[in-house]
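Visitor: When you get a sec, could you give me coordinates for this:
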Amino acid sequence: MRGLFILPLLLIPVAVAHNQTLVISEGKPDLVVLSHKWSKTRRVTARVTPNEPPPPAPSLTDTARRNAERSERVTDSGGPRQPTTGLSIDARAAALEKIVRDSRTEPSKSLNGFSYQLRLKNESAKQIEVVFWEYQFIDPAAPEVPVRRQFLCGLNLKTGREKDLTAFSLSGSSKVVSAQSLAEKTEKPPQERVLINRVEYADGTIWQRKDWSFAEIRLSYRNAIATPWTEMCRGL
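Guide: Numbering: from 1, shown residues only. Okay, here's the model as predicted:
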């Protein structure tokens, strides 16, 4: 399942390079936002083990193995050695290997952040593979400068189907209050809205919002796809 999300995301720069159809539009896309919300959340990341093969086991001939085990049983004075660990040479090697691998494994982490959720419906006649979207917080006293949280998702959403998306971010709504709001002593909560910035279709065509540019997120996009994906959406 993970590969279904990664492949279309990796093909985005290729699509632009091969001059696939890019439509800049003032209208709305056929990808409809049915609902949206955000909330505080906590994410626990999984333990990460390096993708490297374990070192090969020691190569010992039968004679060498018997000699090594005999030396474990006999002390320098010729008497029997008291058992210590009770492990054979191979068992000790495996235990040491596990210790080394555990030391290289990144522990799980707990992150406090925010969950951005929306429900989408594909009302176009084409399957949608990728969507760029953003969640906006708008200060009523300064609507011209919204706080933007942008995301990238792999959908593979067929015609007429709906899908729930969840994206995680360390950033929530801005706590900055405008000078005008302070002067008027207003405490109105920010308005919220979701914008679809770009839609990648399975046939290679691209819809993009007129006042949005891919160039503004190019660097964050490269960072987002630099590591393997285990989720449907990532922040930009």
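
Visitor: Can you give me the domain assignment for this protein?
Guide: Listed by automatic domain parsing, the domain ranges of the chain are 2-47+113-235, 62-104.

Visitor: Residue 153 should be in a helix, yeah?
Guide: No - read with DSSP: H, G, I helix; E, B strand; the rest coil, residue 153 is strand and lies in no helix.

Visitor: circling back: if you average pLDDT over each of the domains of the chain, which is lowest?
Guide: Among the domains of the chain, domain 62-104 carries the lowest mean pLDDT, a mean of 57.

Visitor: Can you show me the strands along this protein?
Guide: Using DSSP state E, the strands of the chain run over 22-25, 31-44, 110-122, 128-139, 142-157, 162-169, 191-201, 206-209, 233-235.

Visitor: could these be laid out in CSV, adding distance to residue 224 and mean neighbour count?
Guide: Every residue, glycine included, has its C-beta placed from N, CA and C. Formatted as CSV, the strands of the chain follow (distance: least, CB to CB, whole Å; neighbours: other CB atoms under 10 Å):
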stretch, distance to residue 224, mean neighbour count
strand 22-25, 20, 12
strand 31-44, 16, 13
strand 110-122, 15, 17
strand 128-139, 11, 22
strand 142-157, 6, 19
strand 162-169, 11, 17
strand 191-201, 14, 19
strand 206-209, 18, 20
strand 233-235, 5, 21
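
Visitor: OK, contacts around the nearest residue to residue 125 once chain neighbours are set aside?
Guide: Distances taken as CB to CB, 6 or more residues apart in numbering put residue 159 closest to residue 125, at 5.9 Å, once the chain neighbours are dropped. By CB atoms under 8 Å, 6 or more residues apart in numbering, the contact set of residue 159 is 122, 124-127.

Visitor: which among the residues you listed end up buried?
Guide: The neighbour count (16 or more other CB atoms under 10 Å) marks 122, 124, 126 as buried among the contacts of residue 159.

Visitor: Pull the contacting residues for the first one.
Guide: Residues in contact with residue 122 (CB under 8 Å, 6+ apart) are 30-31, 128, 157-162.

Visitor: Closest to residue 148 out of those residues?
Guide: Distance to residue 148 across the contacts of residue 122 (CB to CB) is lowest for residue 31, with 18.4 Å.

Visitor: pretty sure the closest one contacts residue 123?
Guide: Yes - applying CB atoms under 8 Å, one finds residue 31 in contact with residue 123, separated by 7.4 Å.

Visitor: Can you tell me which of the strands of the chain is nearest to residue 219?
Guide: Comparing these by CB to CB, strand 142-157 comes nearest, at 12.3 Å.

Visitor: just the angle between that closest one and strand 191-201, please?
Guide: 40 degrees (axes from the mean of the first three to the mean of the last three CA atoms, to 10 degrees).

Visitor: relative orientation of strand 142-157 and strand 162-169 in degrees?
Guide: Taking the same axes, to 10 degrees, one finds strand 142-157 and strand 162-169 inclined to each other by 120 degrees.

Visitor: strand partners of strand 142-157, parallel vs antiparallel please.
Guide: For strand 142-157, the pairing partners within the sheet under DSSP bridges are strand 128-139 (antiparallel), strand 233-235 (antiparallel).

Visitor: what's the closest of these to residue 216?
Guide: strand 128-139 (10.6 Å).

Visitor: mind saving the C-alpha coords of the closest one as PDB?
Guide: C-alpha atoms of strand 128-139 as PDB (Å, rounded to 0.1, in the frame of the first residue of the first chain):
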ATOM      1  CA  ILE A 128      -6.600  11.800  -8.800                       C
ATOM      2  CA  GLU A 129      -3.200  10.700  -7.600                       C
ATOM      3  CA  VAL A 130      -1.700  13.700  -5.800                       C
ATOM      4  CA  VAL A 131      -3.000  16.800  -4.100                       C
ATOM      5  CA  PHE A 132      -1.300  19.800  -2.600                       C
ATOM      6  CA  TRP A 133      -3.500  21.700  -0.100                       C
ATOM      7  CA  GLU A 134      -3.300  24.100   2.700                       C
ATOM      8  CA  TYR A 135      -5.200  24.900   5.900                       C
ATOM      9  CA  GLN A 136      -5.500  28.600   6.600                       C
ATOM     10  CA  PHE A 137      -6.200  30.600   9.700                       C
ATOM     11  CA  ILE A 138      -7.400  34.100   9.000                       C
ATOM     12  CA  ASP A 139      -7.300  36.900  11.600                       C
END
